[in-house]
Structure formats: C-alpha cells, structure tokens
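>>> Structure of the sequence below:
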Amino acid sequence: MRNPKPFTVFQPIPGQNPKPLFIVHAYSLAQARALVAAKVAGARPSYCPSRSSNVALVGCIRRSKPMIPDTVRNMPAMACVSAMQKAIRRGMEREAMEFACELIHTSKAFHSMVCNRLEVCQEDLDTLAAPYVFPFVAASLAASRERYSKSIGEARLMVGNVIRIMCRSPKSRAGRHFAAAIGLRSMLEGYAPEIPDYALDVHTMKGKAMGRGLDHFRTEGAKLIPSPTGDDPYEDEAYRLWAIKQRGK
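Below is the predicted model:
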C-alpha cells in the first residue's frame, strides 16, 4: 500500500520568499489541493492572497522535502555533521568526536552519515604529504560500518581513530581546489584540452601513421620529469626485447 506524501502550503508574499503555512499529507498534488481547499474554507484571508483563492492556493502547494530528525539530545543533525567537519579542519579532535558521538548514539542511519562525511573530510588533508591517511580512513570506516550493529563501542572506536588521524595530519585544500578549477572549467565552460604532439606515439593510430616507433617512444613517450636520479640497469635489455616482440607481430 502506498504511503501519503507531505505537501507544504505556502503564502505568497510580493517581493519576498513564500511563507510556509502548514503541511498536508496526500497521495497526489490534486488530492493535496482538494484537502487544502477544504481546510482553509472559511479561514482568515491571511492563508492566501484572496478569499476566492483556489487558483492561488494551487500555486502555493509544493511537495515537502523529507525532514531529517534531530539527534538523541534534540540537536539539529546536519549542524552536528557540519560542526564535526569544521572541528577536524581546525585540529580539534575532542570537539569533533563529541559531535560524532551525538550522531552515532542516535541511530545507525546517523552513524552512516558520520562515516559518509568523514570520507568527504579527506578533501582537507594534504594527501601528498601524508598519503597513508586515505587507506587508513577507508579501511577504518568500512570496519566501523560493519561493526555498528554488533557493537556501537567498536564502531565508535574506529570513528575516533579516523578523527584523531585526520586532526593530526597536515592539512591542505589544494586537492579540492585543483579538482574544482579544472573539472568545473570542463563542465561549465566546455573547455577541452588539446592533444600534444608527444602523446602521438606508437600506441596511437595517428602516431603509427606518422611512422613513429619504439625509438620515438623511448625518447618522447616514456620521458620522465623529473628525470630518474639513478641508473636503470634493465632499460637497454627491455627495449631490445620489445623490439624483438614488435618485429614478431
């Protein structure tokens, strides 16, 4: 059997955002309109622009967004999530864990919310300076999700370890800015990069058509910057054997 959906009735205010008045539950927008019309019949005009406002009422009804319940101690859940993340950014591990526990002790769904946000918190870490943090966080959160139903204490312990290592790790939002600056330029401005000449080697159709082979690949396609600091005792032997393999095709 279908469950009725919430619809919010708004009062239009010229030059301002509509004011929410009340919520009705119905199976369709048409049924919601009928319920609202019956509810406000004979009510004060403040519910809508005019007394004969069935038309106006129709335009004032919107499907309500699902509401996120408060935590076990009646705190706004999303504000707790935000506070946890901001505390991690500032290296405040105790405060971050306090907000995490408020959510974890409320429900399994809120524990999942904590884990999901902690995965996102890695955008504030300098993964180049501390590359070990990412696999540690991923493994710990996966274990925490698995353990919650069996032991909230064990799940909480793993979340705590994640918060501590994040708070104590070097921070940088350069990775976030890097991804946004290049990714959003592609999405919003239609930017497409040009393929450079050095990419057209023996592994591409155009490179083959240009007669480029293993020698070109060795000097251009396999070029490393910065250059290796040590000698490679196997390089010559590898290219000799690749040449033999290529001739056999």
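
>>> Would you map out the domains in this structure?
Under the assignment automatic domain parsing, the domains of the chain span 5-63, 77-168, 197-247.

>>> and the helix or strand encompassing P20, how far from the chain's centre?
P20 is part of strand 19-26 when elements are defined by DSSP states H and E. Here strand 19-26 shows a centroid-to-chain-centroid distance of 31 Å under the convention C-alpha atoms, centre = their mean, to the nearest Å.

>>> Check which helices and strands that strand is in contact with.
If you count contacts as 3 or more C-beta pairs under 8 Å, 6 or more residues apart in numbering; DSSP states H and E, strand 19-26 packs onto strand 5-11, helix 29-40. In short, each C-beta sits where N, CA and C put it, glycine included.

>>> The last one vs strand 19-26, what angle?
Between helix 29-40 and strand 19-26, the angle formed by their directions is 120 degrees, by axes from the mean of the first three to the mean of the last three C-alpha atoms, to 10 degrees.

>>> I'd like to check the angle between helix 29-40 and strand 5-11, please.
50 degrees.

>>> Next, the buried residues of helix 29-40.
Neighbour-count burial for helix 29-40 flags A32, R33, L35, V36, V40 (criterion: 16 or more other C-beta atoms under 10 Å).

>>> Over to stretch 149-162?
Using 16+ other C-beta under 10 Å as the test for burial, stretch 149-162 gives I152, A155, R156, M158, V159, G160, N161, V162.

>>> Reformat those residues into JSON lines and put distance to Y234 next to each item.
Formatted as JSON lines, the buried residues of stretch 149-162 follow (distance: C-beta to C-beta, whole Å):
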{"residue": "I152", "distance to Y234": "53"}
{"residue": "A155", "distance to Y234": "48"}
{"residue": "R156", "distance to Y234": "50"}
{"residue": "M158", "distance to Y234": "43"}
{"residue": "V159", "distance to Y234": "46"}
{"residue": "G160", "distance to Y234": "46"}
{"residue": "N161", "distance to Y234": "41"}
{"residue": "V162", "distance to Y234": "41"}
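
>>> any idea which of those residues is closest to R145?
Nearest to R145 among the buried residues of stretch 149-162, counting by C-beta to C-beta, is A155 at 7.5 Å.

>>> any idea how far Q11 lies from M78?
Per C-beta to C-beta, to the nearest Å, Q11 is found 26 Å from M78.

>>> which secondary element of the protein has the worst mean pLDDT?
Lowest by mean pLDDT, DSSP states H and E among the helices and strands of the chain is helix 54-59, with a mean of 38.
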